[in-house]
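>>> Sequence and predicted structure below; questions after.
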Protein chains: 2
Amino acid sequence: MSEHGFFTSTSHWIDKLQENGYRLTGPRRAVVETMANSRYVLSPMEIYQQARKLHDKLGLVTVYRTLEKLEQMQLIQRVHRPSDCQAFVASPPGHNHLLICEDCGQVEYFNGDPAAMEQFIARVGSRSGYRVKNHWLQLFGRCAACQEKMSS
Amino acid sequence: MSEHGFFTSTSHWIDKLQENGYRLTGPRRAVVETMANSRYVLSPMEIYQQARKLHDKLGLVTVYRTLEKLEQMQLIQRVHRPSDCQAFVASPPGHNHLLICEDCGQVEYFNGDPAAMEQFIARVGSRSGYRVKNHWLQLFGRCAACQEKMSS
DNA sequence: TTTTATGCAAAGTATTTGCACGGGA
DNA sequence: TCCCGTGCAAATACTTTGCATAAAA
């Protein structure tokens, strides 16, 4: 487990990298550490700035290239918000949905009710003649910490 | 009603523009006609190319500026897909969800079950301490026409 | 006549690519 | 040693802005 007790850990990410034939380098490790230990939605530039504290010589290009690999391996996911979709967050294993704080970018994961969801999708699909293959469900709001911040 | 019998019509859009103090110009009309009569997800460049058939002197910049206004007036909405969020589609009045064809970009609208959705959101919210303010639900699949295209 | 809207060109921003060098395995 | 990964710089793609002209009201 990471120092924060998150659902995922740096060592698991590193194992995954190696399983996929990728080398473990200093710059890559810095990006991995940053993403694996954060539950916040981060842009490539923010990831770059944070990861540079762990590896000063890191270049922004390497951030882009590493994010691409992590996304392919499904360790991170691209997060879509009303005005942007260039930000990323660590992804727990399996299908999940996001609850995102509009103020600070913190993310919670939830699963919904898979059976109910499937039934609902089947209904919409048959009504429209579509074959539905995938779905997105995302909630936006304000996390507990940001609610307190606002009221004080 | 538009010539295609869609949920929306060019004249309604033009009324809205004027209610909001915007002038009705040739370029603007071309973009409005294009968006009001399409149920396909279109990028700014695609809108530009289609609208230019209606007004040759149209510039791409005007497309961007017009889309911005139409989005503010909620006549169109930005559509998010796994790899991009720079495309737009006409929006019916009120809250709605999208079912998008991954092949051709055609869009269907649906409402879900508002009561069930609210209850579900309340449950997720209370569990996490979030105050949920908004949600997105989108389905991706293949429309009837594209299914036929594939099987032949 | 007054003010908004337009198109062009230029600037700005974000992301990707080419390439010689450096470092992991 | 071999080859993947890196950073820099340049190229690309997309979007926004400044400004003089054109057109709506």
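That came through fine.

>>> biggest strand in chain A by residues?
Ordering each strand of chain A by length in residues (DSSP state E) puts strand A:131-142 first.

>>> can that one be found next to chain B?
Yes - contact of strand A:131-142 with chain B (CB under 8 Å from any CB of the partner chain) involves A:Arg131, A:Val132, A:Lys133, A:Asn134, A:His135, A:Trp136, A:Leu137, A:Gln138, A:Leu139, A:Phe140, A:Gly141, A:Arg142. Heads up, the C-betas are built off the backbone N, CA and C, glycines and all.

>>> Could you give me the PyMOL selection string for whichever of the residues you listed are buried?
Buried residues within the residues of strand A:131-142 next to chain B, by 16 or more other CB atoms under 10 Å in any protein chain shown, are selected in PyMOL with:
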select buried, chain A and resi 132+135+136+137+138+139+140+141+142
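
>>> neighbouring strands for the longest strand of chain A, and are they parallel or not?
strand A:97-101 (parallel), strand B:131-142 (antiparallel) (DSSP bridges).

>>> I'd like the average pLDDT over the longest one.
Which is strand B:131-142. For strand B:131-142, the mean pLDDT works out to 95.

>>> Tell me the spatial nearest neighbour of the residue of chain A positioned farthest from its centre, not counting adjacent residues.
Distance to the chain centre peaks in chain A at A:Arg127, reaching 32.8 Å (criterion: CA atoms, centre = their mean). Nearest residue to A:Arg127, sequence neighbours excluded (CB to CB, 6 or more residues apart in numbering or on different chains): B:Phe110, at 7.6 Å.

>>> residues from chain A in reach of DNA strand D?
A:21-23, A:25-28, A:55, A:57-59, A:61-62, A:65-66 (CB under 7 Å from any atom of the strand).

>>> A:Asn37 contacts A:His12, doesn't it?
No - counting by CB atoms under 8 Å, A:Asn37 sits too far from A:His12 to count as a contact (11.9 Å).

>>> I'd say A:Ala30 and A:Tyr48 touch.
No - the pair A:Ala30 / A:Tyr48 is not scored as a contact, 9.6 Å apart, by CB under 8 Å.
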